[in-house]
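> Make a model of this:
(chains A and B, ligands or ions: 2)
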2 protein chains.
Amino acid sequence: MNYPNGKKAAHSQISQSSYSNRGMSLEEDINLTNQYYLDAGRAVIHKKPTPVQIVKVDYPKRSAAVIKEAYFKQASTTDYNGLYRGKYIDFEAKETKNKTSFPLINIHDHQITHMEQVVKHGGICFLIMRFSSHNETYLLEAEKLFPYWYDKLKGGKQSIPYETIKEEGYIVPFQFHKRVDYLAIIDSLYF
Amino acid sequence: MNYPNGKKAAHSQISQSSYSNRGMSLEEDINLTNQYYLDAGRAVIHKKPTPVQIVKVDYPKRSAAVIKEAYFKQASTTDYNGLYRGKYIDFEAKETKNKTSFPLINIHDHQITHMEQVVKHGGICFLIMRFSSHNETYLLEAEKLFPYWYDKLKGGKQSIPYETIKEEGYIVPFQFHKRVDYLAIIDSLYF
Ligand SMILES: [Mg+2]
Ligand SMILES: [Mg+2]
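Numbers count the residues shown, from 1 in each chain, chains lettered A, B, ... in the order given. Ligands and ions are numbered 1, 2, ... in the order given. Below is the predicted model of the structure:
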């Protein structure tokens, strides 16, 4: 998880035991939720693998190939996509510790470009954002995100205030087996 | 490209110059075609990154993180998915040097499971297969692939005869900028 900064991957054995105590990451919660949706026959939505540029691979005899040198690449799309009730669904997940606003620096140019393309071609596209300090998760439609992004590009605010997200977004319910039950909101917004 | 066997990744600098002479792989052709579709505003379809299990990462000062140990993981879905004319589209690409049949060993159990889920949820799902010896590329709908797979599971044939693919599949036209112009076929089959 969270490979782009690599820290969790590198120290996974050390941090594993303390992990359950400090709660799961948004990504882990979404992955579990997607698995639940899949098992329940409700939706087919997967996390895309972290893109990696592979430079050197060893082929030891009688054992698996080992990647010996590789680098993290920037993703050209969002984290998740799939199929729900016959429709294409696509979203990015972001977590912030910030209490008063969601920093737009978390989102990359090409991710917005991709989201614009999805909307243009008739897909369902949104952002799932977690304010970990408030222990709250919100869904914000891509169409509502774009104006804040364009404003930032023109020298405006670098973040969206927490209060704005509360007003314009939708709080995502937590359930034991559906830790980030975003399809409940998608049902009411798009169907 | 073709990271799972890793050879091209490892020797990319050596093979680069001779590469154009021996023609491009199906995957490269599809990637170029998808980029063309994207630039032309026709569809949003991407190759999923090769899934990699990252074990060890170094963080040199003042330079990018280096993955020092990682392993290829089996993909849980197909190679490509995206959005076309408002619909979810999903496919696997496979190439064979075999002249007389397409070996089913190329396809994994969980890929069939994924394709079944896509079909069940109303997505467009198919296989693009290239017979490199014939220099021909075919599209076969997932629904037409499944019976051969189930038959194989019950001890039947391990491959689909080339003549059957010719009859049941659709030859994919080659165009300079759309080297595997599969959307031409999707238009006639699903819209
Ligand atoms: Mg993310
Ligand atoms: Mg493939």
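
> I'd like the average pLDDT over the helix or strand residue A:90 falls within.
Under the criterion DSSP states H and E, the helix or strand holding residue A:90 is strand A:87-96. Across strand A:87-96, pLDDT averages out at 97.

> what's it packed up against?
Using 3 or more CB pairs under 8 Å, 6 or more residues apart in numbering or on different chains; DSSP states H and E as the contact test, the elements touching strand A:87-96 are helix A:26-39, strand A:80-84, strand A:101-103, helix A:109-120, strand A:124-131, strand B:80-84, strand B:87-96. From N, CA and C alone the C-beta is placed, and that goes for glycine too.

> number of nearby residues for the nearest residue to residue A:178 once chain neighbours are set aside?
Excluding the flanking residues, the one nearest residue A:178 by CB to CB, 6 or more residues apart in numbering or on different chains is residue A:33, at 5.1 Å. By other CB atoms under 10 Å in any protein chain shown, 22 other residues sit near residue A:33.

> Just give me the neighbour total for the closest residue to residue A:189 other than its chain neighbours.
By the measure of CB to CB, 6+ apart, the closest residue to residue A:189 outside its immediate chain neighbours is residue A:141, 6.9 Å from it. Burial measure for residue A:141: 21 neighbouring residues, criterion other CB under 10 Å.

> picking that back up, and the helices and strands packed on strand A:87-96: which comes nearest ligand 1?
For those, proximity to ligand 1 was assessed by CB to the ion; helix A:26-39 is nearest, at 6.8 Å.

> Spell out which parts of chain A neighbour ligand 1.
A:79, A:93 (CB under 5 Å from the ion).

> Write out the residues of chain A neighbouring ligand 2.
Residues of chain A that fall close to ligand 2, judged by CB under 5 Å from the ion: none.

> Looking at chain A, which residue reaches furthest from the middle?
The outermost residue of chain A, judged by C-alpha distance from the chain's mean C-alpha position using CA atoms, centre = their mean, is residue A:61 at 38.4 Å.

> now the residue nearest the centre of chain A: how far from residue A:80?
Among the residues of chain A, the smallest C-alpha distance to the mean C-alpha position (CA atoms, centre = their mean) belongs to residue A:93, namely 2.1 Å. With distances defined as CB to CB, to the nearest Å, the gap from residue A:93 to residue A:80 amounts to 7 Å.

> again, but for residue A:115
Residue A:115 sits 12 Å away from residue A:80, going by CB to CB.

> Between the two, which contacts overlap?
Common neighbours of residue A:115 and residue A:80 (criterion: CB atoms under 8 Å, 6 or more residues apart in numbering or on different chains): A:90, A:92.

> Neighbour count: these two, which is higher?
Higher neighbour count among residue A:115 and residue A:80: residue A:115, with 26 against 20, using other CB under 10 Å.

> and the more buried one, what does it touch?
Contact analysis of residue A:115 by CB under 8 Å, 6+ apart lists A:78, A:90, A:92, A:125, A:142, A:145, A:146.

> Which pLDDT does the model give residue A:24?
According to the model, residue A:24 carries a pLDDT of 85.

> pLDDT at the nearest residue to it once chain neighbours are set aside, what is it?
For residue A:24, the nearest residue in space outside its immediate sequence neighbours is residue A:179; the separation is 7.3 Å by CB to CB, 6+ apart. Looking at residue A:179, its pLDDT stands at 94.

> can you list the weak-confidence ranges in chain A?
Where chain A drops to pLDDT under 70, the residues are A:1-23.

> count of neighbours near the residue of it found nearest ligand 2?
Here chain A gets closest to ligand 2 at one residue, residue A:49, 14.0 Å apart by CB to the ion. Each residue near residue A:49 was counted by other CB under 10 Å, and the total is 18.

> need the contact list for the nearest residue to it once chain neighbours are set aside.
Leaving aside its sequence neighbours, residue A:49 sits nearest to residue B:51 (CB to CB, 6+ apart; 4.0 Å). With contacts taken as CB under 8 Å, 6+ apart, residue B:51 has the following neighbours: A:49, B:72, B:73, B:74, B:75, B:76.

> Any figure for the gap between the fourth one and chain A?
Looking back up the chat, that one is residue B:74. Between residue B:74 and chain A the distance is 11 Å, computed by CB to the nearest CB, to the nearest Å.

> Which element, helix or strand, includes that residue?
In this structure, residue B:74 is located outside every helix and strand according to DSSP H and E.

> wait, what's in contact with it?
B:51, B:108, B:110.

> Quick check: the last one touching residue B:76?
Same thing as residue B:110. Yes: the pair residue B:110 and residue B:76 passes the contact test of CB atoms under 8 Å, sitting 5.7 Å apart.

> returning to what we had before: correct me, but the residue of chain A closest to ligand 2 touches residue B:49?
Yes: counting by CB under 8 Å, residue A:49 does reach residue B:49; the two are 4.4 Å apart.

> Good, we can wrap up now.
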